Every structure is written in C-alpha cells, then in structure tokens.
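Trainee: With the sequence up front, the predicted model follows.
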Amino acid sequence: MKTSPNVINKVAVVRCNSYSKKELIQKIENCVAIIGGFKKYIYRGKKILLKPNLLSASKLELAVTTHPVFIESIIDIIKKNTGGDVEITIADSPGAATPHTIENLKIVYEACGLTKLSKIKGVKLSMETEFSVISFKEGKVLKHLEIIKPAVDADIIINLPKFKTHSLTRISGAVKNMYGIVHGRTKTLLHTKFLEIDKFSDMLLDIYMYKTPVLNIMDGIIGLEGEGPGASGKPRNVGVVLAGTNGVAMDCLVSEMMGFRSEDVPLIRCAALRSFEGTDKDKIEILGATMKDLLVKDFKLPKNTPVDRITKNQFVKTYMLPFVRNNLYSSPYQNNEKCTLCEICIDTCPEKAISLKNKSLIFDYKKCIRCYCCSEMCPYGAIDLKYSFIGNLIFGRRTVK
C-alpha cells in the first residue's frame, strides 16, 4: 500500500553466513526484534500465508528460490510466538512458464524442499488452483486483479523474498515477489500488456498495494547476481537477513547494496513519482548495520540497460520502438552448451517469438518484447543475452558476447 505518514521507514539487517537452522532462527529473531519482534505482527487464531520466492523447480544450489531452511526457521519462530494457535500456509504461483496446476505445484514444491518440510512441520502447502477476480479502483494501471485464493483468504502475509538481480526490473526483491500472488499465466499476459518498464513497475506496485505484507523478511544469505532472477544468474554469498514492514524501502536499500543507484531502478523511481514512502535512501533508517558495511563488493549487475521512458507519440511507438528494442535492448539467444531443448522458453514466451527448427531455437526479434521470461524461466541457464554493436557503443560496453 502507499504507506501513511506515520510509517517509519526502518529496515533491519543482521549478518548471517549459513543456512544452519540454529543460526538462522537466532539471526531472524534478532533481525525482527530490532523492528518490534514477531509478536507485534502475528496473532493467535489467524491465517498466516508465507509467500516465498518459488520461481521454478530449481536446484537449491542455484539460489533461485527462498531456501527451505529459511522458511522452516520462520515457521518455528511463528509457532513459538503463537503457541501453535495459527494456520500456516505456504503458497506461490511460480513463474510464467508454469501453469498453475496441482501437478506443477507439486513439482515445484518438491524441488524447493517444501514437500517434506510441510509434513514434518504440519503446515499446509497450497494446492489451490482457483483464483479470485478482484476489483481494485485504487490501482494506477491495474483495476482488476486475478489473485490466487490463498493470498485473498489470508489474514496475514509474511513475504519471504530472495536477494536477486533481474534482467528486466534490475532487482527481484520484496515488491516484485508479490507478483507471485497473480494467478498462473496471467503473469505472461501482463508482460504483454505492460511493455514499457515504467508501466510494468506501476503494475507491480498496484499488486503490492492490493495485498501489502505485514512483514517482509528477505533471504540474503546466498543471493543471485548477474542475469537473475533464474538459473542464468550466479549465486553470490551476501550473508544478510533483512526485515521490514515497507517493501519499497527494503528494495531501495537492496538496490544500493547491489551497486545500483536506487533512482535508476524503475520500480523505485515509479514509487517515488506516486509518493510512496521508502524511495529516498537518505530517509531510510538502517538498523543493525551501516550502508558502508552492506555494500557488496564487485556485485555483478544485469548486463541489460533498458530504455525506460518511451514517448506516448504513436509515430515513435510504431516506428522507433522496434528500432530501440532491436538495437539498444539486449536480445536473448541460445547457449548451445547448456540447452537441452526442453522447450520451456517456447511455452513461456508471451509473444510466441521463439520456435524450434533443426534442434536450434529460432528467435523472432521483431516479435520479441524483451521481457526476458525465456531467460528467467530456463532451468538450465541456457538463454543468454547479447547486444548489438550500436547498443554497445551507446552504453559504453567493451565486449559483445
């Protein structure tokens, strides 16, 4: 939601260098204690939704999804603080390539280490495949939302994002993680509907406004750098847990930690234009650490540098936008050494711009909208990004991959 003036933009940060459960419980409790403690945010008798990042059925060592021990630690803390008198559900609608079916949810949950966890801890893994159509007049670009039932029904949402880069949105943090409450392949349609990055960012903010988490706790022990948020990114030891009530403020801090100027992150810029709290890094109160200590040295940012502001002039949009996309944006291409021809990228593409011919992927760059869903959802990291000669000249890149 657009936070009210009495909301203090505090983000707590605690160092944590392993997924040892004992250490995680201690560090997560310490982190949330800095902003009031768990009992300030959770109550007995409530339905609590844990919303991790479950982008895809990725191996844990790829650091694409919220770590199961991180989730388990939070479950234990919640039960301790409520005497177990709560209904805990874990739910997400995975990435655009994954239809929201029971079969696919089972595959993702199993790969992410949650099937066994749910049985041991007695928490519910949502197999709900239905969604609710929500009228949302407060939205800037989204007036109707298709939201998975567990998110609609929850009394309390605790958002558990991952510390990751994102080839399209720069970062995948607290606000972007709530995109996962949108039902199934509706997310693919939204990529097509909101082609311009600022419109896409406003859409993410609308979703966050509709169902604002009570608490955001970020898994930043091992993050993802480079071409995140999927398997094309590279795991990177970051060694932090972050907690806060304001996801925008958390994302602003995370972007600075990675090495972005927060104002260059489209989501933060758009939030500032809409007067959201938490967009001014100088007004964010960092608790438990200093900004100097949190900067991740030589953190690799996404190669892509989209042109964020496209004129509304129809001539420019019709004739210049294709030129901009083809010459300034990065373009996806097949990494033959990694590609298994699984065709997930073909199924994912909202514009049907990828086909298979003679065991090679064919990209129709005139159709391609540079949403990078293909790269995001490839489980093998087999979709790389490349630039034109003109794009490299304009943005000062020294190499063309």
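Mentor: Cool, the structure landed.
Trainee: Pairing partners for residue 10 in the sheet, please.
Mentor: Counting by DSSP bridges, residue 10 is bridged to residue 285.
Trainee: I'd like the distance between it and residue 214.
Mentor: Plainly put, residue 10 is 14 Å away from residue 214 if you go by C-beta to C-beta, to the nearest Å. For glycine as for every other residue, the C-beta is placed from the backbone atoms N, C-alpha and C.
Trainee: per-residue pLDDT, residue 98?
Mentor: What the model reports for residue 98 is a pLDDT of 72.
Trainee: Identify the residue nearest it in space, chain neighbours excluded?
Mentor: In space, and not counting its chain neighbours, residue 98 is closest to residue 104: 5.0 Å by C-beta to C-beta, 6 or more residues apart in numbering.
Trainee: Does the one you found touch residue 94 like I think?
Mentor: Yes. Between residue 104 and residue 94 there is a contact at 7.1 Å, judged by C-beta atoms under 8 Å.
Trainee: A strand includes the residue nearest to residue 98, no?
Mentor: No. Per DSSP: H, G, I helix; E, B strand; the rest coil, residue 104 lies outside any strand segment and is helix.
Trainee: now the strands: where do they sit in the stretch 101-250 of the chain?
Mentor: 124-125, 131-135, 144-148, 156-160, 162-166, 170-172, 215-226, 233-244 (DSSP state E, counting those that start in this stretch).
Trainee: Please state the offset of the last one from the chain centre?
Mentor: When C-alpha coordinates are averaged (C-alpha atoms, centre = their mean, to the nearest Å), strand 233-244 and its chain have centres 13 Å apart.
Trainee: still on that earlier bit, which one's more surrounded, residue 104 and residue 94?
Mentor: When residue 104 and residue 94 are compared for neighbours, residue 94 comes out ahead with 25 against 17, by other C-beta atoms under 10 Å.
Trainee: dump the residue contacts of the more buried one.
Mentor: Neighbouring residues of residue 94 by C-beta atoms under 8 Å, 6 or more residues apart in numbering: 54, 55, 56, 57, 100, 104, 105, 108, 180.
Trainee: Please narrow the residues you listed to those residing in helices.
Mentor: Among the contacts of residue 94, the members found in helices (DSSP state H) are 104, 105, 108.
Trainee: closest to residue 366 among these?
Mentor: Nearest to residue 366 among the ones in helices among the contacts of residue 94 is residue 104, at 31.0 Å by C-beta to C-beta.
Trainee: how far away is that closest one from residue 209?
Mentor: 28 Å.
Trainee: One more: residue 246?
Mentor: Between residue 246 and residue 209 the computed distance is 12 Å (C-beta to C-beta).
Trainee: now residue 235
Mentor: Look at residue 235 and residue 209: by C-beta to C-beta, they are 32 Å apart.
Trainee: Now for residue 95: which residues touch it?
Mentor: Residue 95 sits next to 55, 56, 187, 230, 348, 373, 376, 377 when contact means C-beta under 8 Å, 6+ apart.
Trainee: Now do the same for it: its pLDDT.
Mentor: We have a pLDDT of 83 for residue 95.
Trainee: which intervals of the chain have sub-threshold pLDDT?
Mentor: 1-7, 96-97, 304-328, 387-401 (pLDDT under 70).
Trainee: Mind doing that once more with 80?
Mentor: The model of the chain has pLDDT under 80 over residues 1-8, 96-98, 304-330, 387-401.
Trainee: can you list the domains in it?
Mentor: As given by automatic domain parsing, the domain ranges for the chain are 10-294, 314-395.
Trainee: contact partners of stretch 357-368?
Mentor: 322, 325-326, 331-334, 339, 341, 345-346, 349, 351-356.
Trainee: Going through those residues, which ones are buried?
Mentor: Buried members of the contacts of stretch 357-368, scored by 16 or more other C-beta atoms under 10 Å, are 325-326, 331-334, 339, 345-346, 349, 351, 353-354.
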